[in-house]
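Enquirer: Next comes the sequence, and after it the predicted model I'd like to discuss.
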Amino acid sequence: MNISKKLRCSTAIFFMEICLIRPQDPETLNDRVDPPIGLLYVGTALRGAGHDVTILDFTGGYTPEIPKADLYGINLYTTSYPYALKIRDQIREVSDAPVVVGGPHALGKPVECERDFDY
């Protein structure tokens with residue numbers, strides 16, 4: 001979706017549809033034990049700024065349908081990296097919007113993440 005279509009009034013403030021994603025992590029004993037607190041914090045801040053936010057949780061073998069969005073964010077751990085790459089490929093089937101990654105793996109391996117994701 002063209003961001004310029006979402007401009008409001010003359011203040012030039014734009015609002016986006018943002019999809020935040022938690023990939024599965026089968027290396028852990030139970031990847032459904034803890035909620036994705038980081039994504040929930042980010043999502044709450046984005047909603048507070050007026051953006052539409054969807055949070056998808058792929059843990060526990062759940063495979064939700066990826067919606068169209070203006071921006072995608074994926075939380076990365078090293079053990080979930082291969083699954084994040086698969087999710088990136090699924091995103092590319094429905095959208096050419098930027099895919100942003102964050103989390104421990106993105107901090108520890110920024111060159112790898114820059115190679116495989118948009119930001």
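Expert: Perfect, thanks for sending it.
Enquirer: what does the lengthiest helix in the chain contact?
Expert: Ranked by number of residues, the top helix in the chain under DSSP state H is helix 81-94. Here helix 81-94 makes contact (C-beta atoms under 8 Å, 6 or more residues apart in numbering) with 21, 23-26, 58, 66-68, 72, 74, 76, 97, 99, 101, 105, 116-117. Bear in mind the C-beta positions are built from the backbone N, C-alpha and C, glycine included.
Enquirer: one more time with 6 Å
Expert: Outside helix 81-94, the residues that touch it by C-beta atoms under 6 Å, 6 or more residues apart in numbering are Ile21, Pro23, Gln24, Ile66, Lys68, Tyr72, Ile74, Leu76, Val99, His105.
Enquirer: Where is pLDDT lowest across these?
Expert: Lowest-confidence member of the contacts of helix 81-94: Gln24, scoring 89 (pLDDT).
Enquirer: Next up, phi/psi of that one, please.
Expert: phi -70, psi 160 (degrees, to the nearest 10).
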